[in-house]
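S.K.: Structure of the sequence below:
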Amino acid sequence: MIKTFEEAHQLILDLNICTIFNSDKSSLPSLWKHVDLPEKQKGEKGWGQKISAVWDWKNRLPATFPDEIFYGKIKGGLAVLMTVDHLRDVHFPVAHKHVDDLNLLAIQVFEKIRMEPWETTDLRKEMIEEVGCSKSQFDTALKNLQISLNVVRSNDPDIERDTWLTFQELYPEIWGLYVTEE
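M.R.: Residues are numbered from 1 along each chain as shown. As a prediction, this is how the structure comes out:
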């Protein structure tokens, strides 16, 4: 059981991959189950120590250790942390799909991100106005771009909101190992 950011870092290195929260959809271990901090107490304001720590660590671990820890989504839409070695050697070869194999909305969202980084709220608003999709359709397209390893969240510690880049831009070495542009 862990209580500190440093212990969370070591946990991810030891596990190779884990979900952020528990899920019946996955047999993977979860960061949540390994955290030994109090959950929100009755009458307590805010989130409570445990959820606050897990939520912070899911962003701070890849920002602090970008060459060691990756944050992304796996099939089923579950958020995970994994080692970059696991991403490179195990996950990317089986999870990556070419963007052209996704639906039209995902391709359109990808093209926006390919041109420049976008924060989720601004990109959602732009796509709803531009192509007339629903919030749900946009969210699904963005999730599928993450699952297929076409887009990733920026690891920049100075960025507070989820900001999206192409996977190729953030991880060119891994991209180059497996993807040949035609």
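
S.K.: Read off the pLDDT value for Glu182.
M.R.: We have a pLDDT of 50 for Glu182.

S.K.: helix/strand/coil for Arg161?
M.R.: Using DSSP: H, G, I helix; E, B strand; the rest coil, the structure places Arg161 in coil.

S.K.: And the residue nearest the centre of the chain?
M.R.: In the chain, the residue lying closest to the centroid (CA atoms, centre = their mean) is Gly72, at 2.5 Å.

S.K.: Helix, strand or coil: sort out that residue for me.
M.R.: Each residue gets one of three states, and Gly72 gets strand by three-state DSSP.

S.K.: So what sits opposite it in the bridge?
M.R.: For Gly72, the beta-bridge assignment (DSSP bridges) gives partners Val80.

S.K.: the strands in the chain, which residues?
M.R.: 17-19, 69-74, 78-83, 118-119, 151-153, 163-166 (DSSP state E).

S.K.: which outside residues touch the first one?
M.R.: With CB atoms under 8 Å, 6 or more residues apart in numbering as the contact definition, strand 17-19 has outside contacts at 11-12, 26, 28-32, 34, 78-83, 86, 91. No exception for glycine: its C-beta is placed from N, CA and C like everyone else's.

S.K.: give the contact list for Ser26.
M.R.: Thr19, Ile74, Gly76, Leu78.

S.K.: gap between the second one and Trp47?
M.R.: What it means is Ile74. Per CB to CB, to the nearest Å, Ile74 is found 25 Å from Trp47.

S.K.: Those two - which one has more neighbours?
M.R.: Set Ile74 next to Trp47 and count neighbours by other CB atoms under 10 Å: Ile74 wins out with 19 against 13.

S.K.: The more buried one against Ile147, yeah?
M.R.: Yes - if you go by CB atoms under 8 Å, Ile74 and Ile147 touch, sitting 6.5 Å apart.

S.K.: where does the protein have low pLDDT?
M.R.: For the chain, applying pLDDT under 70 flags the ranges 40, 44-46, 182.

S.K.: Residues touching the helix ranked longest in the chain, excluding its own?
M.R.: The helix that spans the most residues within the chain, counting by DSSP state H, is helix 49-64. Residues outside helix 49-64 that contact it (CB under 8 Å, 6+ apart) are 5, 8-9, 12, 20-21, 31-32, 35, 37-40, 46-47, 69-71, 79, 81, 153, 155-157.

S.K.: Repeat that for stretch 111-130.
M.R.: 105, 108-109, 133-135, 138-139, 141-142, 145, 151, 154, 161-166.

S.K.: One more pass at 7 Å, please.
M.R.: 108-109, 133, 135, 138, 151, 154, 161-166 (CB atoms under 7 Å, 6 or more residues apart in numbering).

S.K.: Would you list the buried entries among these?
M.R.: Val109, Cys133, Phe138, Val151, Ser154, Thr163, Trp164, Leu165, Thr166 (16 or more other CB atoms under 10 Å).
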